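Novice: with the sequence up front, the predicted model follows.
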Amino acid sequence: MTVEVSYWSRVLLLSVGLLVVSATAQNCSHILQGPNGTIQSPGFPYGYPNYANCTWTITAEEQNRIQLVFQSFALEEDFDVLSVYDGLPQQGNLRTRLTGFQLPAPIVSTGVVLSLWLVSDYAVSAQGFQANYEGRSSLLGGIVFVELAYPAM
Ligand SMILES: [Ca+2]
């Protein structure tokens, strides 16, 4: 009987552990679709956690580009970095690396996918960032906004 109890408590502990790990990972991996929305670093504006490792993958409607406009930006300079990818978050798609306290200029993707990757180190936080994204018609060179018929989810 003792062996049985010990076995099940190990299974339980392992399951709980896996749940915690997957919940943490899910909380910081965001897949975003639709015409527009807002992105915030975790804990914004009260500070992001140390060891943050968060991605946001934004997919626009077909034939649209994504315009990202920052409202607020504060990351510990050089140690906490927001990487922006023109496409999926892969090395070859890296567009720019943002850090520090200057509000970045708006970014427009060349295709239908724009991704962000936030990494923080082991100490010192800051306010974090907030940005709005919007789908824009690539056919019109990104000058005219596309109003989509259905409301944002
Ligand atoms: Ca830091």
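Specialist: Looks like it arrived, so ask away. Numbering: from 1, shown residues only.
Novice: please name the bridge partners of the spatially most central residue of the chain.
Specialist: Per CA atoms, centre = their mean, the C-alpha nearest to the average position across the chain is that of Trp56, at 2.6 Å. On the basis of DSSP bridges, Trp56 takes part in beta bridges with His30, Leu116.
Novice: for it, give its distance to Tyr122.
Specialist: In this view, Trp56 and Tyr122 are 22 Å apart by CB to CB, to the nearest Å. To be clear about C-beta, it is placed using only N, CA and C from the backbone, and glycine gets the same treatment.
Novice: same thing with Gln71?
Specialist: In terms of CB to CB, Gln71 sits 28 Å off from Tyr122.
Novice: so the two - more neighbours on which side?
Specialist: When Gln71 and Tyr122 are compared for neighbours, Gln71 comes out ahead with 12 against 7, by other CB atoms under 10 Å.
Novice: identify the residues contacting the more buried one.
Specialist: Each residue near Gln71 by CB atoms under 8 Å, 6 or more residues apart in numbering is listed here: 130-132.
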